[in-house]
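# sequence first, then the predicted structure, then my questions.
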Amino acid sequence: MTLEIDFKKYPTPRLRHHTNPSLYMSLESHSVTPKFYPAIEETIDWGTIYKNPSPPDVLDVGCGRGGSLLKWAYSQPERNFLGVEVRHTVVEWINDIIRGESINNCYAKYYSAVNGFPFIEDKSLSQIVYLFPDPWVKKKHYKRRAFTEQLLKEFHRILKPNGTLSLATDVPEVDAYQLEILNGTSYFSVREVDDAEWNVPFKTDQQLFSDRKSIPYVRRIATPL
Ligand SMILES: C[S@@+](CC[C@H](N)C(=O)[O-])C[C@H]1O[C@@H](n2cnc3c(N)ncnc32)[C@H](O)[C@@H]1O
């Protein structure tokens, strides 16, 4: 099944590349909760989100416009998909498409990944994808990068023992930064993969952009230790 979206029905909203800087920082790092800070639930009743009340099987962290997420969910209706994204406008837009196209196994959640995933059960996910994260290349912005030892620990907690964490970036410095964290902890073993081994069946918007502009990118699969 291939998803064909009539984008005239869902006009693309005007999107900024970034949102309020306070949302890239964890809630506990703020002395006062910033306005519009995404809620951090301890649990979610998945039956209120998906037709099949099972927990999500695939988590897309920083799903952006959801180009890959929507097509993937549509093509595999037996699995539940959750995208998390810190830009509110794009989350609303994705959920409009999900409702309009009845993609009942998919949901986009307005959320900042820096707070971990308390609402996701231990060892419940088959796959986490973390694709083309914002690079934050200026030193003063490093602290906005969500990929930290704490996040890896969370990924390890919520992934099934035979699950996978799929990573992609077109920024060599980000790849090196993520590898340093991966290799400096004992949560995952990681390897570079090519097309034959890559396990995300649909390209993300950023990946399609890189392909169009011939920008190289690296893909890695990490497996829990
Ligand atoms: C460069 S875009 C890539 C989007 C998509 N993964 C793709 O490959 O097309 C990075 C996305 O991560 C989101 N993001 C950045 N920090 C985040 C955070 N702490 N929590 C959730 N999403 C975040 C951004 O808003 C943006 O949509």
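Sure, I can see it.
# show me what contacts the most centrally placed residue in the chain?
With distances taken as CA atoms, centre = their mean, Val61 lies nearest the centre of the chain, 1.3 Å away. Taking CB atoms under 8 Å, 6 or more residues apart in numbering, we find Val61 in contact with 84, 113, 128-130, 146. For the C-beta atoms, the positions are set from N, CA and C on the backbone; glycine is no exception.
# and those, which of them are in strands?
Among the contacts of Val61, the members falling in strands (DSSP state E) are 84, 128-130.
# who's the residue nearest to the centre of the chain bridged to?
Counting by DSSP bridges, Val61 is bridged to Val84.
# can you give me the pLDDT of the closest residue to Ser75 other than its chain neighbours?
Excluding its sequence neighbours, the residue lying closest to Ser75 (CB to CB, 6 or more residues apart in numbering) is Met1, at 5.4 Å. If you check Met1, the pLDDT there is 72.
# Met1: neighbour count?
By other CB atoms under 10 Å, the residues close to Met1 number 7.
# among the contacts of Val61, which two are most distant?
Across the contacts of Val61, the longest distance by CB to CB is 13.4 Å; it joins Val129 and Ala146.
# mind checking which of those two has more residues around it?
More neighbours surround Val129 than the other of Val129 and Ala146, with 23 against 20 (other CB under 10 Å).
# nearest spatial neighbour of that one, chain-adjacent residues omitted?
Nearest non-adjacent residue to Val129 (CB to CB, 6+ apart): Ser166, at 4.6 Å.
# all helices of the protein, in order?
Secondary structure of the chain by DSSP state H: the helices cover 67-75, 88-100, 149-158, 172-184, 205-212.
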